[in-house]
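S.K.: 3D model of this:
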Amino acid sequence: MNAKSLILAAALCLGGLPAAAAEPAALTVRIAPGQMDEARGLGHVDITLTLSDVDAAAGEVLVSLPIVIANTETAAEHLIGLTARDDQGRVPLQVRDDPEALVYSRHWLAGRPVKGELVVSYRAPIDNTPPRRGSGPPYQLRTEGGGFSAVGNTFLLTPQGGRDYRVAIDWDLSAMGPGASATSSWGEGDAVLPGAGPAERLWSGVFMAGPMKRYPAEPQNNGFSAAWLGEPPFDPAPLMAWTETLHTWMSGFFQETEEPPYRVLLRFNPINAGGGAALTNSFLTTYGQATTAESIKGTLAHEMIHTWTSLGPGQWYSEGNAVFYQAQLPWRAGLISTEDYLQDINDTARRYYTNALNDTPNDQIAARFWEDTRVRTLPYDRGGLYFAVLNDRIRKASAGQRSVDDLILAMIARRRAGLPVSEADWQDLVVAELGEAGGQLTADMLAGGLMLPESDAFSPCFARITRPFRRFELGFEPRSLVGHVKTIAGLMPGSEAEKAGLRNGDVVTYAVAMDSVQGDPDRTLTLQVTRDGETFPITYLPRGDWVEAYQWVRKPEVPEAACRP
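M.R.: Just a heads-up that it's a prediction; the model follows:
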């Protein structure tokens, strides 16, 4: 899921300080990482927030932090030594939690009226224990290579409400020793967020400090840069050079007047290696012990596209166009081969056409997003294939003079001009291009209709065929894998899970992203099962019935020169 949309969802459910002053207040965030215990995966970060011109009544929310955001736990329930002081001295704090949901938060309320400068201090502990809740975006605090990294929405308390703040980030690296440096989505070292705006902007940024390694070797605030801690299983520098070239090409494609600053931060992920999160002017990408540089190029391309197209009608739009473009733009830029582009198309097609729930209407996805990976992948897969169908129809209707590029660029132009980028605005563009048939295509997609590109939709080099694959099937109720304690229910008789020895009532843990398991027809799933006081692994292939799925193959008679648009 796109990180910015989750951050917005969190902000909407928070209370906050009233907009009491016409002029923006000042907020300084002092971040002081401690020494990290790399062997045990432990550490801490001390935070001090200083807010000016506070005028809050007793019982009003002073600061907030999500407890869970997109199935990812934060530091909210584990903070140490939280204190608040204003001009009159210590401020007693009361706690109020939202009802549990996809995004829910903890709020710290004033125990008495608060006036003047407010200083909030606390320690956020770091623990590399794999997340209890399973798959989710890689937001949480982690330590690697003597340093730490995290997204702001997991450890930075912020004031809420309608007030704007001038926000400054102040690093204190004295406890980390010589050689440590710091970076964030807003620049190297100490930084000031541009202009005035909500304090929640901090939640959409990534933070890293410690003995970082860099690309290019000298840190820079403009253009492209990258940083990482520890030793990934591949050399990141060549991959980052490739990514920089693609970012420059994309900046031209999306009609930037100059290449915007962009940072890539890499770190280890025990659950969803290869995944990532698009954030402000930056991307947090992850690796595992078996990750290769080639295997995450598509993720890097996908998330960079979000820099320009994340705002729009919904997840089907932002994730769908990113899936549509994630291999196509590198292919058009000459940075991947035609075979690599074809492989990306077929990976998406295989996952979508074998998905037993691919007719789920769009308005049912949000409620089931984290309980079933087959639903979770639909905005990506169905959205990507919708854009492929739409692109093909536009190109054929205009005799090759126009494409979906023109509509995407029109939406970006609207956003830059401060105009709405709603579903209705998108539909107006589609109908103006293709008439009512175009509008019906979008309506069909939203209703769960099958999106099937024509044989030559992706390239005159390709032809559509079908091949048999087994459907992804866990063999039990998918929501069994949601929550702190995961207990198997609804075991399917005759399923591969039952054949492997899984039983209803088994308590399980796992350390793999279900989305990636669903996408790979040969990948087995290992569950650590606790039953009758004993814990043991069960490994099986989570597949069910054989079905025919659409795929595309290369036409040998069409020369390479005729392949690319």
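S.K.: Contact partners for residue 260?
M.R.: By C-beta atoms under 8 Å, 6 or more residues apart in numbering, residue 260 lies in contact with 251, 281, 307. Glycine gets a C-beta too; all of them are placed from N, C-alpha and C.
S.K.: Recalculate using a threshold of 10 Å.
M.R.: 222-224, 247, 251, 254, 281, 307-308 (C-beta atoms under 10 Å, 6 or more residues apart in numbering).
S.K.: What distance do you get for it to residue 248?
M.R.: Look at residue 260 and residue 248: by C-beta to C-beta, to the nearest Å, they are 11 Å apart.
S.K.: Residue 48 too?
M.R.: In terms of C-beta to C-beta, residue 48 sits 38 Å off from residue 248.
S.K.: In the stretch 401-550 of the chain, where is pLDDT below threshold?
M.R.: Scanning the stretch 401-550 of the chain for pLDDT under 70 picks out nothing.
S.K.: and after the strand or helix carrying residue 303, which helix or strand comes next?
M.R.: Secondary structure assigned from DSSP states H and E places residue 303 in helix 297-309. Next in sequence after helix 297-309, counting helices and strands by DSSP H and E, comes helix 315-326.
S.K.: just to revisit the earlier point, what angle do the helix holding residue 303 and helix 315-326 make?
M.R.: 130 degrees (axes from the mean of the first three to the mean of the last three C-alpha atoms, to 10 degrees).
S.K.: Now helix 297-309: buried residues?
M.R.: 297-309 (16 or more other C-beta atoms under 10 Å).
S.K.: hey, what's in contact with both of residue 260 and residue 248?
M.R.: Common contact partners of residue 260 and residue 248 (C-beta under 10 Å, 6+ apart): 223-224.
S.K.: Just grab the bridge partners of the residue nearest the centre of the chain for me.
M.R.: What sits nearest the mean C-alpha location of the chain, by C-alpha atoms, centre = their mean, is residue 277, with 3.2 Å. Beta-bridge partners of residue 277, counted by DSSP bridges, are residue 284.
S.K.: Helices of this protein, residue ranges please.
M.R.: Remark: helices assigned in the chain by DSSP state H are 3-12, 236-253, 297-309, 315-326, 328-332, 338-353, 365-368, 373-376, 378-397, 404-416, 423-434, 436-446, 496-500, 514-519.
S.K.: Just want the angle from the helix holding residue 303 to helix 404-416.
M.R.: 50 degrees.
S.K.: Residue 268: which of the buried residues of helix 297-309 is nearest?
M.R.: The closest of the buried residues of helix 297-309 to residue 268 turns out to be residue 299 (C-beta to C-beta; 14.7 Å).
S.K.: Report the contact partners of the residue nearest to that closest one when sequence neighbours are not counted.
M.R.: Distance criterion C-beta to C-beta, 6 or more residues apart in numbering; nearest residue to residue 299, sequence neighbours excluded, is residue 276 at 5.4 Å. Residue 276 makes contact with 3, 137-138, 264-267, 269, 283-287, 296, 299-300, 302-303, 306, according to C-beta under 10 Å, 6+ apart.
S.K.: if we go to 7 Å?
M.R.: Residue 276 sits next to 138, 283-286, 299, 303 when contact means C-beta atoms under 7 Å, 6 or more residues apart in numbering.
S.K.: Can you tell me which of those residues are buried?
M.R.: 138, 283-286, 299, 303.
S.K.: Output those in a markdown table, with distance to residue 237 appended to each entry.
M.R.: Shown next, in a markdown table, are these (distance: C-beta to C-beta, whole Å):
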| residue | distance to residue 237 |
| --- | --- |
| 138 | 21 |
| 283 | 17 |
| 284 | 18 |
| 285 | 14 |
| 286 | 18 |
| 299 | 18 |
| 303 | 19 |
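S.K.: any idea which of those residues is closest to residue 100?
M.R.: Distance to residue 100 across those (C-beta to C-beta) is lowest for residue 138, with 21.9 Å.
S.K.: Was I right to think that closest one contacts residue 277?
M.R.: Yes: the criterion here is C-beta atoms under 7 Å, and residue 138 meets it with residue 277 at 6.1 Å.
S.K.: Quickly list what's touching both of the two.
M.R.: Common neighbours of residue 138 and residue 277 (C-beta under 7 Å, 6+ apart) are residue 284.
S.K.: Show me what residue 262 bridges to in the sheet.
M.R.: Residue 262 forms beta bridges with residue 224, as assigned by DSSP bridges.
S.K.: how close does it get to residue 335?
M.R.: Plainly put, residue 262 is 16 Å away from residue 335 if you go by C-beta to C-beta.
S.K.: More neighbours: which of those two?
M.R.: residue 262 (22 against 17; other C-beta atoms under 10 Å).
S.K.: Need the per-residue pLDDT for the more buried one.
M.R.: pLDDT recorded at residue 262 is 86.
S.K.: rewinding a little: adding distance to residue 424 and pLDDT, write the buried ones among the contacts of residue 276 out as TSV.
M.R.: Listed next are those as TSV, based on distance: C-beta to C-beta, whole Å; pLDDT from 0 to 100:
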residue	distance to residue 424	pLDDT
138	34	83
283	30	87
284	33	88
285	34	88
286	36	87
299	31	90
303	27	88
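S.K.: out of the residues you listed, which one sits closest to residue 545?
M.R.: residue 299 (30.1 Å).
S.K.: Which residues are in contact with that closest one?
M.R.: By C-beta under 7 Å, 6+ apart, residue 299 lies in contact with 274-276, 285.
S.K.: roughly how far apart are the closest residue to residue 137 other than its chain neighbours and residue 237?
M.R.: Sequence neighbours aside, residue 277 is the residue nearest to residue 137 in space, at 4.7 Å (criterion: C-beta to C-beta, 6+ apart). To residue 237, residue 277 is 22 Å away according to C-beta to C-beta.
S.K.: Run a quick neighbour tally on residue 533.
M.R.: Residue 533 sits with 5 neighbouring residues when counted by other C-beta under 10 Å.
S.K.: do residue 446 as well
M.R.: Neighbour count of residue 446, defined by other C-beta under 10 Å: 17.
S.K.: show me where pLDDT drops low in this structure?
M.R.: Looking at the chain by pLDDT under 70, you get 1-22, 132-136.
S.K.: which residue sits closest to the residue lying farthest from the centre of it, ignoring its sequence neighbours?
M.R.: The C-alpha centroid of the chain is most remote from residue 88, which lies 41.9 Å away (C-alpha atoms, centre = their mean). Of all residues beyond its chain neighbours, the one nearest residue 88 is residue 115 (6.9 Å), with distances taken as C-beta to C-beta, 6+ apart.
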